[in-house]
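Trainee: Next one to model:
(chains A, B, C and D)
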2 protein chains.
Amino acid sequence: MASLKDVAVHAGVSVSTASLALREDPAVKEVTRQRIRRVADELGYRPNGIARDLKVKKTDMIAVLLHDLGGPFYSELLRGVQDRSHQRGFTAIVACSAKGKSSAMTRLLLENRVAGAIILDPVIDESEISSVASEDLPIVVLDREIQAPHVYAVSADHEGGAFKATTHLLDRGYRLIGFLGGPEDSFHSRMRFEGYRRALSQAGVDFDGDLVCYGMFTEDSGYDAGFRLFANGRHPDAIFAANDEMAIGLLRSLEEQGLSVPDDVALVGFDDIRLTQYVSPALTTVRQPMYQLGSDAVEQLFQILSGNADIESVMLSTELVIRQSSGVTPRSPIRG
Amino acid sequence: MASLKDVAVHAGVSVSTASLALREDPAVKEVTRQRIRRVADELGYRPNGIARDLKVKKTDMIAVLLHDLGGPFYSELLRGVQDRSHQRGFTAIVACSAKGKSSAMTRLLLENRVAGAIILDPVIDESEISSVASEDLPIVVLDREIQAPHVYAVSADHEGGAFKATTHLLDRGYRLIGFLGGPEDSFHSRMRFEGYRRALSQAGVDFDGDLVCYGMFTEDSGYDAGFRLFANGRHPDAIFAANDEMAIGLLRSLEEQGLSVPDDVALVGFDDIRLTQYVSPALTTVRQPMYQLGSDAVEQLFQILSGNADIESVMLSTELVIRQSSGVTPRSPIRG
DNA sequence: TTGAAAGCGCTAACAC
DNA sequence: GTGTTAGCGCTTTCAA
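Mentor: Residues are numbered from 1 along each chain as shown, chains lettered A, B, ... in the order given. From the prediction side, this is the model:
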């Protein structure tokens, strides 16, 4: 592998001149520069970014750590990350946040290979994240609340989205509204539950713990929950599921129980995954601004790395997407 | 940021001893090692991987370049990459293969930051890839045929999958089998077309160019194609679509044209994306071994980097997944 | 306009 | 067992 020194020798100049020339520094005479460039090409010279980073003690790489590489709906998020990174001169690399000796967490974050990181992982330990963040490694967490030095937050408004979803059901006249949550320690599930509670409370509807059930954010767990929710004579007239996967599982179980959606039971999900448009009836849900989440996270990191002092948490609003599963005509509107 | 030297000074040892100690080298006396470890912790020392890589002139990082970060069905692929990387001691980082000044292609591959790369991008220029591959940067391309030094291939058997799909339709008695391709220069589309042709030919069924149509691998383009395929009195009794997205668009257009699937027209797709199970009728399709594709790509890279001389291209077989869209009962079986 | 030299943080001979 | 030393390939003063 040809090094800068090789280029310099072959071009009959010093290393420093070669370095300047290849970076198009105007201090180097045009003709010299061209000669150096030509030699570099002939030798197949490629700059060694590692060495460069070491010397200048900084890097343009930022890491995006995801819990589940390739989860179907990171797509938009990564597009946002990509676009903004490009705009800010970063190179974003994505990896899995799993812990371990040769993991990305270790290699990229603990070994100083990136300038900063964006983490979207609802299950990784809070202490893990705060212990890894430092002066030299600011971390932006997505959809989490972590109070620690050098940890910053960009979130979608889950509570607000859940509030909108539940209020939507209330508007359509439903009163026995069930809640299907994810794992109880999940931030997403908790926030969505709180929005649900707030909507009920604001509408003056009593909360009924019997109408609450938990799954694991998977389709199968939603399916199972569908039976539990209607066991023992309980009969919610609507259900707000904390994510679409579970809502879809729920849909399947309701069908099996001979219940029609939305006629017997209305249903609202969360996330707006692609499938929601294809199930029958199409699922009313809450959309998160994934693109902007990614884009804002990078921007946040950029500001931090630029030494900007006053960084505030960002909260992005969510949007209710009304489809068929929540009924069509308001039956006894209580608002709007 | 505390460096190894800082640790050494504070612990009253030399840098090399500190280095050895922190890497748990048994040459260092236990008590010294513990002292050094403690000092390192106190100082919040973190090894600088960049410096290490520069010194040892190698790195454990490999890059996975995808055309479209987060495309819905890279999930399995990345899981395969992840698992095998871990097993082989690599750290895999994923990035977008788009070209550009501060792109991953440039930063990671051209600046010597990774030991090798895996590229899955059906549209990136072949010359781009072969020019970037080198002695020091072996590249494994997925689902492409590139003949160039230091470029290796791992593919799914698209031709074979298409052959299976088409033969399946023939087995069920269909004879006017249309083909809905992707962009004509696409490797995937071409391979799948060839499998289609071979199946027809082997069954002694004449190929009819009028039954062929092209889209862009998107649902919408499949929808549009659905009208073209049935314009001017043409009437295929079955269609093999080169991917599921188009097949699903096609499904929608057939429905709009009052044609029933599979009664009026049978349909087979390719890829086995999740949606295929949810559309109605559920789509018969061809599944690629995505996990294995990822896992084998990493293994291939590992072998190359280990100096293994005889590396051969890998071709993985695909699997026909029979659902409702291709009819239920064979109407006049020609085989099996 | 170009060159000499220092050094980023680390590892690996080699010496003691 | 531990220390000394010489770089890895690059950028960046500072001199010439």
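Trainee: pretty sure residue A:279 is in contact with residue A:250, am I right?
Mentor: No. Between residue A:279 and residue A:250 there is no contact under Cβ atoms under 8 Å: 10.5 Å. Placement of C-beta: from N, CA and C, glycine included.
Trainee: quick one: the helices in the stretch 201-336 of chain A?
Mentor: Applying DSSP state H, counting those that start in this stretch to the stretch 201-336 of chain A gives helices spanning A:219-229, A:244-256, A:290-305.
Trainee: Relative to DNA strand D, which of these is closest?
Mentor: For DNA strand D, the closest of the helices of the stretch 201-336 of chain A is helix A:290-305, at 16.3 Å, according to Cβ to the nearest atom of the strand.
Trainee: The closest one vs chain B: in contact?
Mentor: No. With Cβ under 8 Å from any Cβ of the partner chain as the criterion, chain B is not reached by helix A:290-305; the gap is at least 9.6 Å.
Trainee: So which bits of the stretch 151-300 of chain A are right by chain B?
Mentor: A:274-275, A:278-280.
Trainee: Going through those residues, which ones are buried?
Mentor: Those of those that meet the buried threshold are A:274-275, A:278-279, by 16 or more other Cβ atoms under 10 Å in any protein chain shown.
Trainee: Just the ones of the residues of the stretch 151-300 of chain A next to chain B in strands?
Mentor: Of those, none are assigned to strands by DSSP state E.
Trainee: can you put those residues in TSV and add pLDDT and distance to residue A:78?
Mentor: Output for those, formatted as TSV (pLDDT from 0 to 100; distance: Cβ to Cβ, whole Å):
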residue	pLDDT	distance to residue A:78
A:274	87	16
A:275	91	19
A:278	92	23
A:279	93	25
A:280	92	30
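Trainee: Can you tell me which of the residues you listed is nearest DNA strand C?
Mentor: So of these, ranked by how close each gets to DNA strand C (Cβ to the nearest atom of the strand), first place is residue A:274, at 45.3 Å.
Trainee: Residue A:152 is in contact with residue A:139, isn't it?
Mentor: Yes. Counting by Cβ under 8 Å, residue A:139 is a contact partner of residue A:152 at 7.1 Å.
Trainee: residue ranges of the strands in chain A, please?
Mentor: Counting by DSSP E, the strands of chain A are A:61-66, A:91-96, A:116-120, A:139-142, A:151-156, A:177-181, A:212-214, A:238-241, A:266-268, A:285-287, A:314-316, A:319-321.
Trainee: Convert the second one to CSV, retaining C-alpha atoms only.
Mentor: In other words, strand A:91-96. Output of strand A:91-96 as CSV, limited to C-alpha atoms (Å, rounded to 0.1, in the frame of the first residue of the first chain):
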residue,chain,number,x,y,z
THR,A,91,-20.2,10.1,7.8
ALA,A,92,-22.8,8.1,9.6
ILE,A,93,-22.3,4.4,10.2
VAL,A,94,-24.9,2.2,11.6
ALA,A,95,-24.4,-0.7,13.9
CYS,A,96,-26.1,-2.9,16.4
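Trainee: now the angle from it to strand A:61-66?
Mentor: 30 degrees (axes from the mean of the first three to the mean of the last three Cα atoms, to 10 degrees).
Trainee: so how far is the following helix or strand past strand A:91-96 from its chain's centroid?
Mentor: Downstream of strand A:91-96, the first helix or strand assigned by DSSP states H and E is helix A:104. Centre-to-centre, helix A:104 and its host chain are 17 Å apart (Cα atoms, centre = their mean, to the nearest Å).
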